[in-house]
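1. please work out how this folds:
(chains A and B)
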Amino acid sequence: MSTETPEINIDRSKGDFSFAEDYKYDAGIGLSPDTIDYISNVKGEDAWVNEYRQKALKIFQDKPMPTHWASDDLNTIKFEDVRYYLSKGQKPSRTWDDVPDDVKQTFERLGIPEQERAFLAGVEAQFDSEAAYSRMKEEMEKLGVIFVGPHEGLHEHPEIFKKFFGKVIPIGDNKFSALNSACFSGGSFIYVPPGVKVAQPLQAYFRINAENFGQFERTLIIADEGSEVMYMEGCTAPKFETATLHAAVVELVALKGAKIQYVTVQNWSNNVFNLVTKRGMAEEDAEIRWIDCNIGSRLTMKYPGVVLKGERARGEVISIALANDGQHQDTGAKMIHAASNTTSNVISKSISIGEGRSTYRGQVSIPKRLSNCKNNTECDALLINTNSRTDTYPAITVRGDHNSVQHEASVSKVSAEQIFYMQQRGLEEGEAMSLAVNGFVNDLVREFPMEYSVELKRLIDLEMEGSVG
Amino acid sequence: MSVATTTSDTEKFSEENFRHHLDAFWLNVPWVQELKQQNWKTYQELPLPTRSDERYRFSDLRKLKLDGYRPAQEPTEAQKADAIARSNLVGEPAGKVVFGDNFLLEFEGLSEELKAKGVIWMPLQQAAIEHPELVQKYFLEEENQLGSEKLLALHNAFFHGGSFLYVPKGVEIEQPIAAYYWSIECGEAIFPHTLLVVEDNAKVDFVDYYGSLDTGCCSTLSCGVGTIYAGQGAQVFRKIVQNFNEEALSFQLEANIADRDSQVKTIAVNLGSKYARLQNHTRIVGPGADVKMYGLTVSKDEQEFDQRTLQIHEAPHAVSDLLFKNALLDSSRTIFSGLIKVAKDAQQTDAYQTNRNLLLSKTAEANSLPGLEIEANDVKCSHGATTGQVDESELFYLMARGIPRQTAYQLLVFGFFEEIVEKISNEELRENVRKLVQAKFGNEM
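-> Sure, this is the predicted structure:
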C-alpha cells in the first residue's frame, strides 16, 4: 500500500470564538517589578507574597531558555509583548446570576453549567486571570473541603496552604515555574480533610480570551491523611493571530494514605505555548495519578512528576498526546523515588498526524539506600502520515538494592491489513483509520472519567477527519 | 565547575610537542601535516565538554581532565618484548600488528595469495605515504556527532600509530586480523587508529585489543578512532576489547558506514579504565543493510563506562539491532545513551535498541538513555531498557537442583554475558573473552 496520505483538516471551530475585551484591571504589556506590584496591589496581597513574586521574577530573568535540550521554538516567545494580568473584577461570583453575561455565554457554549448541574461537585471556571464563577456543593463545604482560588487560599487559610505553597515545585525549578511564581493569578487551592473521600470529581475550566495574554494559573491540592479526591481540568482558547502563553504550576500533596487523581484534557488552539510544570509529592502509602491528554497547543512542554517520598507510595502517569500539523507535543513523566518499596508506572501513547511531532521525555530516578522500588514505563507511538515525526528520550538512573526498572518503547503505523479488513466490512478508509487510532488509545481513554472519555473519542475522530482517503 | 578553563592541558600537548611530532613522524607527508595543523588549531579552540552538553548527561566530568598527559615516547626494548609476547588474543591471525605507545613493535603481513588479490594491510603511517589517494579518500571523512570533537582533534593532531586495511571487491579473508595497541609509560597518551575499507562483496573479521602493560600505578590516556567503510554486500565483523588498567582514561570514537546489503557487526568488550567513553555512530546509507551493535561491560570499583551510540537510517529497507549489556560491581557507574534516527525517506526500517543492566552491588549506578527520533511512518522501531538484580527465582531453581548458591550465582552472571559472547564467531577469541570477563570478576564472586 502506498505510504502517501493527504493533508488533514482540523476543525477547531468549537472553541474558536472570543468576546470584546473590557477588563477592569489590566497590568499592561510586558513584565517588570512594577507589573508584579500592580498584581499584588489589585489582589491586596500580604507582603510575603509580593516578596515571593519579586524573587521569582529575578530568577525568571536570570535563567536561560532550556534550548540546549528543548525545542528552539521557545525562542519565538516574546515575553515583552505578553499581557500578564487581566481581570473583570476581583471576587469570584458565587451564583450563576452574578456572572457577567458575555462570560456566561462563553461558558454556555462550552457546556459548563449543564455539567455542573448534572453531577459535578464544584466548578471553578477561570476566565483569563480570575475565577469568574465558583461554587461548591454545600455538602462538600460541610465536610470541610476547601476549594478556592490561590489568593483566597493564601489569604484566608495561610495555616494550611502556606506550608506547602511552592514546596513541591520551588521557584527556580525551571524558567517557566519561575515565571508562574512571579505572576500567578487564578487557579485552584484545594484542601481535603483527613479521611474525607470526595465522591465526585472537582472540576476547573480554563480559557484564554484576550489576545497576547499569558495565563499563569496556580493550583495546589492537599489531600490530608486517608482522603481521596479527583480533580479535572480542561483548557481551550480561541485562535488569535499572535501566539499566546500558558505557564501553569500545579502542586499536589498526598499525605499518608491519601489518593489524588488529576485529569487534564488540553485543547488549546494551535498557537498557544503550553509550558506547564506539574508535580506531586506522595507520602507513605499515598497514591498520585496524573491522567493527561494533550490535543491542542502549538508547543506543549509538560512532564508531570511524582516524588515518592514515603514508603509504599505509588505514582502513575497516563498520557495521551495527539500532534497534528504545526504542533509539537513534548510530554513525558518524571518518577523520583525517594523511599523504599515505592512503585511507579508510566504509560504514554502518542499519535502524530500530518507534520505533527510528538516527543516523550522521561526521567526515572532510584537513588542509593533504597530497596525494592519498581518502575515500569511503556511508550508507544503511532505515525499516521509519511511526514509525521516521533521522538523518545527517556533517562533512567538506578542504584540500590533489589530495585528494578523496565522501559519499553515502540513505534508503529496503522497496518494496511487492519484497514483492508475494516474496508472489506464496509467502512470508509477514514472511518477505518479513526477506528484503528481509537483502538490504539482505547485502554488509556478508559482511565478518564466517562464524560471525558466520550469527549476524547469525539476529539480524536475530529482530528482524524480527512486524514486519509 | 571550571573544566573548560584548565590551561595546563595545552602545556603538555604544547606547540613545541606538536612541532616535534610533525618533524619526527610526518616530515615528508604534506597532506597529513596540513590536516594535523588544522586539527591542532581546532583542539586549542574547542572547550572541554561542559555540564550543559546533553551528550555528556550523567557523565562525571571531573574525571575528564586532560592535564597531566603528554604525547608518548618510544618504549624500552624490554617493554617492547613484553608487549609483543602478550599480544596473543588470536592464535593464528591472517595478519597482525602490535603498537606500544604509538610505536610499531611487530607487523605480520598477509599471505602472498591475499596480497596478489590486491588486499592492502599495513601500518597507517606507511599507507599514508605509499597509498595517499586511497587513504585520503576515506581518512576521517565521516563526521563524528557524539560530542568528542575536542578529543578527536587531539587524536588527529598527534596520531602516528594505526592500522590500515583495504579489501578489494569480492575478496574474502577467513581468519581474523588483529591489531594490538598497548599503553606503556605513565602519564603518556596513545592515539590508536583503525581504518577498515571493505569494498563490495568483500569479507573481513577484525579484532582490536587495547591494553596496559602495567597493572595500574598511574594514569594513561588513550584516544582511539575506528572507522569501517562497508561497501555493497560487504561483510565486516569487528571486535574491540578495551582492557586498560583501572587508572586509565580512555576514549574510543567509532564511526561506521554501511552501504547497500552490507553486514556490519561490531562487538565492544569494555573492561578497563577509570573512565572509558565509547562512541559508536553507524550510518546506514544503502537499502538492505544489516547492522548489529553489541556491547559487553563489566564495571567494578570506581570505574565509569560512558557509552553513546547512534544508529542513523538514511536508506529504506535496512535493519539495525543494538544490544548493550552491563554488569556493575562495587561503586561503579555505567551510562548507556543510544539514539535511533530514522530519516524521512528511510521507510520500512527495522531498528531495535536494548540495554540491560545487572546491578550486583547496592552502590553501583546504572543510567540509561535509550532514544528514538523517527521521521518516517512505515517503520518498526522499538527500544527497551531494564535494570535489575540476579533473579531470585532463577537462583532458587538452580539451588533446588543441588547447585550451591555461589556457583548458581556465577552461572547466572556469566550466562548474562553469554548472549553477547556467543556472537563472536571465532571460537578461540570467544574463549579468550570469557576468560577476560571471568578474570575481571576475580574473587568478587
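
2. what ranges of the chain fall below the confidence cut-off?
-> Reading this off chain A. Within chain A, the segments meeting pLDDT under 70 span A:1-25, A:27, A:86-137, A:205-214, A:235-243, A:451, A:465-469.

3. oops, chain B please
-> For chain B, applying pLDDT under 70 flags the ranges B:1-11, B:216, B:443-445.

4. show the contacting residues for the closest residue to chain A within the stretch 101-250 of chain B.
-> Chain A sits closest to B:Gly147 of the stretch 101-250 of chain B, with a gap of 12.2 Å, by CB to the nearest CB. C-betas here are computed from N, CA, C, even on glycine. When contacts are counted by CB atoms under 8 Å, 6 or more residues apart in numbering or on different chains, B:Gly147 is found next to B:Pro49, B:Asp53, B:Arg55, B:Tyr56, B:Gln279, B:Arg308.

5. what's the local residue count around A:Arg369?
-> By the criterion of other CB atoms under 10 Å in any protein chain shown, A:Arg369 has 12 neighbours.

6. just B:Asp200 next, same as before
-> 17.

7. pretty sure it sits against B:Tyr229.
-> No - with contact defined as CB atoms under 8 Å, B:Asp200 does not reach B:Tyr229; the gap is 10.9 Å.

8. circling back to that earlier point, in strands, which of the contacts of B:Gly147 appear?
-> Of the contacts of B:Gly147, the ones assigned to strands by DSSP state E are B:Gln279, B:Arg308.

9. save the contacts of B:Gly147 as CSV, and put in distance to chain A and neighbour count too.
-> Shown next, in CSV, are those (distance: CB to the nearest CB, whole Å; neighbours: other CB atoms under 10 Å in any protein chain shown):
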residue, distance to chain A, neighbour count
B:Pro49, 12, 20
B:Asp53, 8, 14
B:Arg55, 10, 16
B:Tyr56, 11, 22
B:Gln279, 18, 25
B:Arg308, 13, 24
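
10. save the contacts of B:Gly147 as a markdown table, and put in distance to A:Phe147 too.
-> Below are the contacts of B:Gly147 laid out as a markdown table (distance: CB to CB, whole Å):
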| residue | distance to A:Phe147 |
| --- | --- |
| B:Pro49 | 49 |
| B:Asp53 | 45 |
| B:Arg55 | 46 |
| B:Tyr56 | 46 |
| B:Gln279 | 54 |
| B:Arg308 | 49 |
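
11. widest-spaced pair of the contacts of B:Gly147?
-> Across the contacts of B:Gly147, the longest distance by CB to CB is 13.3 Å; it joins B:Asp53 and B:Gln279.

12. centre-most residue in the chain?
-> Just so you know, I chose chain A. In chain A, the residue lying closest to the centroid (CA atoms, centre = their mean) is A:Thr264, at 5.0 Å.

13. please go with chain B instead
-> Nearest to the mean C-alpha position of chain B, by CA atoms, centre = their mean, lies B:Gln252 at 4.5 Å.

14. in a strand, that one, correct?
-> Yes - with DSSP: H, G, I helix; E, B strand; the rest coil as the criterion, B:Gln252 is part of a strand.

15. picking that back up, and for B:Asp200 and B:Tyr229, which residues touch both?
-> Here B:Asp200 and B:Tyr229 share the contacting residues B:Asp259, scored by CB under 8 Å, 6+ apart.

16. how about the residues of the stretch 1-150 of chain B by chain A?
-> Taking CB under 8 Å from any CB of the partner chain, the part of the stretch 1-150 of chain B that reaches chain A is made up of B:Ser52, B:Asp53, B:Glu54, B:Arg57, B:Phe58.

17. from these, keep the buried residues only.
-> Buried by 16 or more other CB atoms under 10 Å in any protein chain shown: B:Arg57, B:Phe58, out of those.

18. B:Val298: what's it in contact with?
-> B:Val298 sits next to B:Asn270, B:Leu271, B:Asn326, B:Ala327, B:Leu329, B:Phe417, B:Val437, B:Lys440, B:Phe441 when contact means CB under 8 Å, 6+ apart.

19. closest to B:Tyr209 among the residues you listed?
-> Set against B:Tyr209, the nearest of those by CB to CB is B:Leu271 (10.9 Å).

20. pop out the phi and psi values for the closest one.
-> Backbone torsions of B:Leu271, given as degrees, to the nearest 10, read phi -130, psi -40.

21. I figured it hits B:Asn245, correct?
-> No - the criterion here is CB under 8 Å, and B:Leu271 misses it with B:Asn245 at 10.2 Å.

22. near chain B, which residues of chain A are found?
-> Contact residues (CB under 8 Å from any CB) of chain A with chain B: A:3, A:68-69, A:368, A:381, A:383-413.

23. and the residues you listed, which are buried?
-> Buried residues within these, defined by neighbour count using 16+ other CB under 10 Å: A:368, A:381, A:383-413.

24. now the strands: where do they sit in the stretch 101-250 of chain A?
-> A:122-127, A:130-136, A:146-148, A:189-192, A:202-207, A:214-215, A:218-223, A:228-236, A:244-246, A:249-254 (DSSP state E, counting those that start in this stretch).

25. give me the helices and strands touching the longest one, please.
-> Counting contacts by 3 or more CB pairs under 8 Å, 6 or more residues apart in numbering or on different chains; DSSP states H and E, the secondary-structure elements packed against strand A:228-236 are strand A:189-192, strand A:202-207, strand A:218-223, strand A:259-267.

26. about what we covered before: just the ones in strands from the buried ones among the residues of chain A next to chain B, please.
-> Of the positions in those, A:381, A:383, A:389-398, A:404-412 sit in strands, assigned by DSSP E.

27. which of the contacts of B:Val298 count as buried?
-> B:Asn270, B:Leu271, B:Asn326, B:Ala327, B:Leu329, B:Phe417, B:Val437, B:Lys440, B:Phe441.

28. nearest to chain A among those residues?
-> Nearest to chain A among the buried ones among the contacts of B:Val298: B:Asn326, at 11.1 Å, using CB to the nearest CB.

29. for the residue nearest to the centre of chain B, list each beta-bridge partner.
-> Beta bridges link B:Gln252 to B:Gly224, B:Leu278 when assigned by DSSP bridges.

30. what about the closest residue to chain A within the stretch 201-350 of chain B, how many residues close to it?
-> Nearest to chain A in the stretch 201-350 of chain B, going by CB to the nearest CB, is B:Gln347, at a distance of 5.9 Å. When neighbours are defined as other CB under 10 Å, B:Gln347 has 19 of them.

31. what does A:Asp26 give?
-> By the criterion of other CB under 10 Å, A:Asp26 has 18 neighbours.

32. now it: how far from chain B?
-> Using CB to the nearest CB, to the nearest Å, one gets 38 Å for the distance from A:Asp26 to chain B.

33. wait, isn't that residue in contact with A:Val42?
-> No - with contact defined as CB under 8 Å, A:Asp26 does not count as touching A:Val42 (9.8 Å).

34. rewinding a little: so which of the buried ones among the contacts of B:Val298 are in strands?
-> Counting by DSSP E, the part of the buried ones among the contacts of B:Val298 found in strands is B:Asn270, B:Asn326, B:Ala327.

35. go ahead and confirm the second one touches B:Gln303.
-> No - applying CB under 8 Å, one finds B:Asn326 not in contact with B:Gln303, separated by 10.9 Å.

36. show me the chain divided up by domain.
-> Answering for chain A, as no chain was given. Chain A breaks down by automatic domain parsing into domains covering A:13-302, A:416-469.

37. my question was about chain B, not that one.
-> Chain B breaks down into these domains under automatic domain parsing: B:69-389, B:390-445.
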